[in-house]
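# Pasting the sequence and the predicted model now:
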Amino acid sequence: MEITQALCLSTAHISQETRDLLGDGEPGFTVWKAEYGFFMPCYPLEHGHRLPADLACAMGAALKADCEFLRLDADGPVTEGLPTYE
């Protein structure tokens, strides 16, 4: 059996523009829309995916924590040290 980890962060860590891209657009990478946020695999930042800066920051936190997935949830925790957006 293999178990993977996901970092859960508040959607406050991404801008409305990024939320719109993830929810309605075609961001150019895999992302699943959840009822109150998004779930996506963590892409190594050097792989050339064009991530918005705010999403890259959240993804970097997940990668630093050795997580394979990032979950952005409206009820997720606001994490000190990461930028937040209105």
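Now that the structure is in, tell me what you want to look at.

# wait, isn't residue 71 in contact with residue 36?
No - applying Cβ atoms under 8 Å as the test, residue 71 and residue 36 come out as separate, 10.2 Å apart. (Glycine included, C-beta is placed from N, CA and C.)

# These two: who's more crowded?
residue 71 (19 against 11; other Cβ atoms under 10 Å).

# Make sure that one is indeed in a strand.
Yes - the assignment for residue 71 is a strand, going by DSSP: H, G, I helix; E, B strand; the rest coil.

# Spatially, what comes nearest to the most centrally placed residue in the chain if we skip its sequence neighbours?
Centroid-nearest residue in the chain, with Cα atoms, centre = their mean: residue 70, separated by 4.8 Å. Of all residues not flanking residue 70 in the chain, residue 62 sits nearest, at 4.3 Å (Cβ to Cβ, 6 or more residues apart in numbering).

# quick check, distance from the strand or helix carrying the one you found to the centre of its chain.
Per DSSP states H and E, residue 62 falls inside helix 53-64. Using Cα atoms, centre = their mean, to the nearest Å, the mean C-alpha position of helix 53-64 is found 7 Å from that of the whole chain.

# average pLDDT for it?
Across helix 53-64, pLDDT averages out at 94.

# do the same with stretch 29-44
The average pLDDT within stretch 29-44 is 90.

# Please apply the same query to stretch 76-86.
94.
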